[in-house]
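> Provide a 3D model corresponding to the input given below.
(chains A and B)
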Number of protein chains: 2
Amino acid sequence: MGITVQTQEVREAILDATDRILSTRGYKKMTIDDLAQEVGIGKGSVYLHFTSKEEIALSHIDRIVKRLKEKLHKTAAEDDSPENRLKKMLVCRVLHRFDSVQHYTVSISDLLAAIRPRLLERRQKYFAEEAQIFAGIIVEGQINGVFQDGDAMEIADTLMTATNSLLPLSLSTEELGEREEIEEKIARLSDLLLSGVLKRA
Amino acid sequence: MGITVQTQEVREAILDATDRILSTRGYKKMTIDDLAQEVGIGKGSVYLHFTSKEEIALSHIDRIVKRLKEKLHKTAAEDDSPENRLKKMLVCRVLHRFDSVQHYTVSISDLLAAIRPRLLERRQKYFAEEAQIFAGIIVEGQINGVFQDGDAMEIADTLMTATNSLLPLSLSTEELGEREEIEEKIARLSDLLLSGVLKRA
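Presented below is the predicted three-dimensional model:
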């Protein structure tokens, strides 16, 4: 077990180093050597965990989404009305991703261009997992009689679609520089969506 | 005036040829020579209208959006309820674009990758112009008392954001192969959005 824990720690340290290098040197200039040096391990040890620079970047994004899901689960379990929690979760899925990558400034478009095809594939899985967390709240709101009836998983999927255009992959570098604008957009959008989800009197 | 009309015709013919070549040879392999030959003019004549292959592709997309706006104006003027027209327009902004490019099949990702940065810039203008057409219907629905109050331009902008993730630039090649799925997604999404826009009893 000691070995497994250590392995996991090295993996996390490599991803932490990835985050730091992406925000300074950027994706294009990042090398496996840089990463090894930053972590203080040999180049071979990096390859024990990841097969390529692309895989490291994708795993880094996997970790961002994993942390997002933890946050969503936490919000879903809070002691608040289903509508307040749902709204908070919609805002969270946009701003958590934004805050996780926006300090990469100019290098973000290099990164996204390089991993775009494989990232688009993974997104399906990310969205399905997120939708499941949202579906739980929707069912709760339906049982409480505050949300409209309908297939909760389909409604959750529609909420993902409605907010996906505000995720980093769809934003220009300029838009990634404007947190306030994105904050305002997701606030307005989640209000409109909530109004659509709520039961009519 | 004769010359202007002819100039416009040649321009349109070049864009028509672009559409044909994109659906057969694809963007990477498309050359200015191909285009000139397809139209039956000299290479120099193509350069009279466009400075580069990239500019031709962007102008081709400009034309897709121009035709979309014509359709939206037409729907906006139809003799139907504001809610029906608004829903039809939301579906139209997604499916018109989808149908305009989905026959490019595999070459679409080449095309979008090549012009992505400049396309992202143009999109702001496209969306603002579209939003203006939508705002007209929203004001109409508000005056009729069927839509909720609020800044019509802001609501229109939010509707653009909510449906933008279904536009070709945000879809994977696989998703671009599945019209029925996109059709179902935009139908469900526009229903939810309409439900959010409608005044509560």
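> Kindly calculate the angle that the biggest helix by length in chain A makes with helix B:107-143.
Scanning chain A for the helix with the most residues, using DSSP state H, yields helix A:107-143. In terms of direction (axes from the mean of the first three to the mean of the last three C-alpha atoms, to 10 degrees), helix A:107-143 departs from helix B:107-143 by 50 degrees.
> Output the helix or strand just after helix A:107-143 in CSV with nothing but the alpha carbons.
Counting by DSSP states H and E, the next helix or strand C-terminal to helix A:107-143 is helix A:152-164. Taking C-alpha atoms only, helix A:152-164 is exported to CSV below (Å, rounded to 0.1, in the frame of the first residue of the first chain):
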residue,chain,number,x,y,z
ALA,A,152,-34.4,14.2,-15.2
MET,A,153,-31.5,12.9,-17.1
GLU,A,154,-32.7,14.6,-20.3
ILE,A,155,-33.3,17.8,-18.5
ALA,A,156,-29.8,17.6,-17.0
ASP,A,157,-28.3,16.9,-20.4
THR,A,158,-30.1,20.0,-21.8
LEU,A,159,-28.7,22.2,-19.0
MET,A,160,-25.2,21.0,-19.9
THR,A,161,-25.8,21.9,-23.5
ALA,A,162,-27.2,25.3,-22.6
THR,A,163,-24.1,26.2,-20.5
ASN,A,164,-21.4,24.4,-22.6
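> Pull out the buried positions in the following helix or strand past helix A:152-164.
The first helix or strand that comes after helix A:152-164 along the chain, using DSSP H and E, is helix A:173-176. Buried residues in helix A:173-176, defined by neighbour count with 16 or more other C-beta atoms under 10 Å in any protein chain shown: A:173, A:175-176. Where C-beta positions appear, they are placed from N, C-alpha and C, glycine not excepted.
> likewise stretch A:142-151?
A:142, A:147.
> which bits of chain A sit near chain B?
A:109, A:113, A:116-117, A:120-121, A:123, A:148, A:154-155, A:157-159, A:161-166, A:169-170, A:172, A:174, A:185, A:188-189, A:192-197, A:200-201 (C-beta under 8 Å from any C-beta of the partner chain).
> Selection in PyMOL covering whichever of those are buried, please.
For the buried members of those, the matching PyMOL selection, counting by 16+ other C-beta under 10 Å, is:
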select buried, chain A and resi 109+116+120+123+154+155+157+158+159+161+162+163+164+165+166+169+170+172+185+188+189+192+193+194+195+196+197
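> ok, back up a step: quick check, nearest of the buried residues of helix A:173-176 to A:Leu22?
A:Leu176 (13.2 Å; C-beta to C-beta).
> got the contact list for the residue nearest to the spatial centre of chain A?
Ranked by distance to the mean C-alpha position of chain A (C-alpha atoms, centre = their mean), the top residue is A:Val65 at 3.7 Å. Remark: with contacts taken as C-beta atoms under 8 Å, 6 or more residues apart in numbering or on different chains, A:Val65 is in contact with A:97, A:126, A:129-130.
> Make a PyMOL selection of the buried ones in those.
This is the PyMOL syntax for the buried subset of those, where burial follows 16+ other C-beta under 10 Å:
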select buried, chain A and resi 97+126+130
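> And the contacts of A:Val65, which two are furthest apart?
A:Arg97 and A:Glu129 (13.9 Å).
> Mind checking what helix or strand follows the lowest-mean-pLDDT helix or strand in chain A in sequence?
In chain A, the helix or strand scored least confidently by mean pLDDT, DSSP states H and E is helix A:173-176, which has a mean of 81. Along the chain past helix A:173-176, the next helix or strand (assigned with DSSP H and E) turns out to be helix A:179-197.
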